[in-house]
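# below is the sequence, then the predicted model.
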Amino acid sequence: MEEKTLVEVRNLKKYFKTSKGMLHAVDGISFKIPQGKTLGVVGESGCGKSTLGRLLLHLHEATDGQILYNGVDITHNDPKKLKELRKKMQMIFQDPSASLDPRMNVRDLIGEPLKDFNLCKDRNDYNEKVHEIMHTVGLADRYAESYSHELDGGRRQRIGIGRALAMDPEFVVCDEPVSALDVSIQAQVLNLLMDMQDQKNLTYMFITHDLSVVKHISHEIVVMYLGQCVEYAKTSELFKKPLHPYTIGLLDAVPVPSITVKKRSAQVMRGELTSPIEPKPGCRFAPRCPHATERCLGNDIPLREVEPGHFVSCTLFEGK
Amino acid sequence: MADKLLEIKDLSIEYDTEIATVYAVNGLSLSLNYGETLGLVGETGAGKTTTCLSIMRLLPEGIGEVTSGTIILDGHDMIHPKEEEIHDLRGNTVSMIFQDPMSSLNPVMTVGDQIKEVLKIHKKEMTNDELEKQVDEMMEMVGIPANRKNEYPHEFSGGMKQRIVIAIALVCEPKLILADEPTTALDVTIQAQMLGLISELQKRLNTAMILVTHDLGVVAQTCEKVAVMYAGEAIETGTAEQIFGARYQHPYTNGLFNAIPKLDVDTPRLETIEGMIPDPTVKVQGCRFAARCKFATEKCKMNPPVIEVEPGHFIKCNRFDKSTSSGGER
């Protein structure tokens, strides 16, 4: 069966003007997300993954490239159309304490989007709808009058999820929704997100720096490095056979909670992210790459399909 | 035993806040030998940081108070020490690496001066040239070119800043480092570099370490001994092999392991530990984990005994009490 593509991004770019020059936050990213699936976007801080998420929701205006939603180009939209669109596209933010208004109780936090879009007939309808959402995300009714500071991180993140789901969206960008949470709570929230996807056929873009989380929740993964996609593949494929040296280094760096798997410390990746301001053409990972040669510099390395559905941008795989 | 560097017995700490008394640590016992690495694992609010602060005697005065127990560090009583003794020990015998390198460095002092400050206090006999030389050596040791010592913290990246913090902690070659989530604010590749650096320096200087973390992966890769904390107590202690080998496991430790998504195994659905840690302002009778435990019985309303399930492996749980039940071997 042909999968229906819900979101497609073509050569998307976002540059920010800084006093030192143009900052290439997102620099030519392309991918497709089929309906009902999850695309994981993984990378270190500063690689542009959050900017990418915000671009899709028009929280930033793209510098160049195209965003297609349901086949329609939505890259540049007038405000009226944008509001319609936002009903279908929602976002879950990283820090639940910073993204919730401290002066609103749980009912109003979850109900706010319903009011904004005039989706309720009257007060009773509103209460009922909020009650329903609270039930779905696993918040007991007794919290309806509570304020966010009275709740723990896990429950706060459930409010964030409730707000995003209140509009019955099709597409949700999750920007590090579990990184601020403890593991036992993280597991609860991940399960909740996956249940929601099963029930409502939601499409997610899941942004995270945690490789084990991204592996758990995603169907496909984009690995980002300094604004560019260095590898793009199905999750199982990427973890079975990572190709790009950066992906391999990243996987090697994750501490495994097992005593039998001891890491070879010699493999630790050297150096740190280089500056995203006015980057030179060529592979941006080259300064840290153990395989870097002359060929990696001077020209941008395009993303190549080395195996069906497995894309990588690295000179090691040239001509394959 | 002579090789005991740190011995904590039955430690309880309370915070007196305006609203209520918070029971942060409840009867914690730990011990650490010279040169050893102990991983202190637990979730937010388990009392890990409070424990570290009490070892350094850095609990907020008038608010945080040790209500019972003893802490003996390298032969010194840390609960009722003399004030001069504490000054001498801090930074010299025991030092701390904090979680956030951004907020633990002084923004208006060059990094070289910040490293030198510790030496100035503890090595009064050194001349300025000797001090400078040692600062240079220390910076090279943590992988920063010594010619950057006149720069300020904001000129360094997050990973570099944490290297400076490590240099400050280690410059006096302490016997014990308390590393409180030293890599939590860092990216994985930088985290791997830091953990490698800390382990290497630790071996070179023969320093013992308590590594506080919520990441079981970090513990597995760096620690010899592990203590799992829950609601202010150590519910399980043992060697890393024993804890990760999982022949015997406290139900909470087991739950923690099952809640992490793993890179090497496919788990369609994560197991969760239902509920949350108990309210620390309420004194709990009996097992603190019982309310979330799937094995909880009537008996758990009594404070469970600490059982040595195998040599050196202690679990505080009724399931392992062989005198009254069939035991909890899995």
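Right, received. Where do you want to start? Residues are numbered from 1 along each chain as shown, chains lettered A, B, ... in the order given.

# hey, where'd the strands end up in the stretch 51-200 of chain B?
With DSSP state E, counting those that start in this stretch, the ranges of strands along the stretch 51-200 of chain B come out as B:64-73, B:76-77, B:94-97, B:176-180.

# what sits up against the lowest-mean-pLDDT helix or strand in chain A?
Least confident helix or strand, chain A: helix A:96-99 with a mean of 81, by mean pLDDT, DSSP states H and E. Contact with helix A:96-99 is made by A:Phe93, A:Ser148, A:His149, A:Gly153, A:Arg156, A:Gln157, A:Ile159, A:Gly160, A:Ala180, as judged by Cβ atoms under 8 Å, 6 or more residues apart in numbering or on different chains. C-beta here means a position set from N, CA and C on the backbone, and glycine is covered the same way.

# which of those are buried?
Neighbour counting with 16 or more other Cβ atoms under 10 Å in any protein chain shown marks A:Phe93, A:Ser148, A:Gly153, A:Arg156, A:Gln157, A:Ile159, A:Gly160, A:Ala180 as buried within the contacts of helix A:96-99.

# just these now: which is nearest chain B?
Comparing these against chain B with Cβ to the nearest Cβ places A:Gly153 closest, at 7.5 Å.

# make sure the closest one is actually in contact with A:Ala180.
Yes - at 6.0 Å, A:Gly153 counts as touching A:Ala180 under the criterion of Cβ atoms under 8 Å.

# so which of the strands of the stretch 51-200 of chain B gets nearest chain A?
Among those, strand B:176-180 sits nearest to chain A (Cβ to the nearest Cβ), with 14.3 Å.

# give me every residue that touches B:Arg163.
So B:Arg163 contacts B:Val142, B:Gly143, B:Ile144, B:Met194, B:Leu197 (Cβ under 8 Å, 6+ apart).

# who is the spatially most central residue of chain A paired with across the strands?
Ranked by distance to the mean C-alpha position of chain A (Cα atoms, centre = their mean), the top residue is A:Ile207 at 2.4 Å. A:Ile207 has these beta-bridge partners by DSSP bridges: A:Val41, A:Asp175.

# next up, the contacts around it.
By Cβ under 8 Å, 6+ apart, A:Ile207 lies in contact with A:Gly40, A:Val41, A:Val42, A:Lys49, A:Ser50, A:Leu52, A:Gly53, A:Val173, A:Cys174, A:Asp175, A:Glu176.

# same question, A:Phe206
Contacts for A:Phe206 (Cβ under 8 Å, 6+ apart) come out as A:Thr38, A:Leu39, A:Gly40, A:Val41, A:Cys174, A:Pro177, A:Val214, A:Ile217, A:Ser218.

# try B:Val212
Here B:Val212 is in contact with B:Leu40, B:Lys48, B:Thr49, B:Cys52, B:Leu178, B:Ala179, B:Asp180, B:Glu181 (Cβ under 8 Å, 6+ apart).

# quick one: A:Ser212 and B:Pro261 touch, right?
Yes - shown here, A:Ser212 and B:Pro261 form a contact pair, counting by Cβ under 8 Å, at 4.3 Å.

# between those two, which one's more packed in?
It is B:Pro261, of A:Ser212 and B:Pro261, that has more neighbours when counted by other Cβ atoms under 10 Å in any protein chain shown, with 21 against 18.

# low pLDDT regions in chain B?
B:1-2, B:323-330 (pLDDT under 70).

# Three-state assignment for the residue most central in space within it, please.
For chain B, B:Val212 is the residue whose C-alpha lies nearest the centre (Cα atoms, centre = their mean; 3.1 Å). Following DSSP: H, G, I helix; E, B strand; the rest coil, the label given to B:Val212 is strand.

# any idea what it is bridged to?
In beta-bridge terms (that is, DSSP bridges), B:Val212 pairs with B:Leu40, B:Asp180.

# what's the separation between the residue nearest to the centre of chain A and chain B?
The gap separating A:Ile207 from chain B is 14 Å, by Cβ to the nearest Cβ, to the nearest Å.

# figure out how far stretch A:66-82 is from the centre of its chain.
The chain centroid and the centroid of stretch A:66-82 are separated by 19 Å, computed with Cα atoms, centre = their mean, to the nearest Å.

# whoops, I mixed them up, stretch B:205-219
7 Å.

# and the nearest residue to A:Leu251 once chain neighbours are set aside, how close does it get to A:Thr235?
Counting by Cβ to Cβ, 6 or more residues apart in numbering or on different chains, A:Leu251 lies nearest to A:Pro242, which is 5.7 Å off, once chain neighbours are set aside. Separation of A:Pro242 from A:Thr235 (Cβ to Cβ, to the nearest Å): 11 Å.

# now do the SS call for the closest residue to chain A within the stretch 1-150 of chain B.
Residue nearest to chain A within the stretch 1-150 of chain B: B:Glu43 (4.0 Å; Cβ to the nearest Cβ). Secondary structure state of B:Glu43, per three-state DSSP, is coil.

# burial check on it, number of neighbours?
Around B:Glu43 there are 20 residues (other Cβ under 10 Å).

# now tabulate the strands of the stretch 51-200 of chain B in CSV and tack on distance to B:Thr222 and mean neighbour count.
As requested, the strands of the stretch 51-200 of chain B are arranged in CSV below (distance: least, Cβ to Cβ, whole Å; neighbours: other Cβ atoms under 10 Å in any protein chain shown):
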stretch, distance to B:Thr222, mean neighbour count
strand B:64-73, 21, 17
strand B:76-77, 27, 14
strand B:94-97, 13, 25
strand B:176-180, 9, 24
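
# closest to A:Asp78 out of those?
When the strands of the stretch 51-200 of chain B are compared for distance to A:Asp78 using Cβ to Cβ, the nearest one is strand B:176-180, at 51.0 Å.

# list the helices and strands that closest one packs on?
Where contact means 3 or more Cβ pairs under 8 Å, 6 or more residues apart in numbering or on different chains; DSSP states H and E, strand B:176-180 is packed against helix B:48-56, strand B:94-97, helix B:188-205, strand B:208-213.

# try 7 Å
Secondary-structure packing of strand B:176-180 (3 or more Cβ pairs under 7 Å, 6 or more residues apart in numbering or on different chains; DSSP states H and E): helix B:48-56, strand B:94-97, strand B:208-213.
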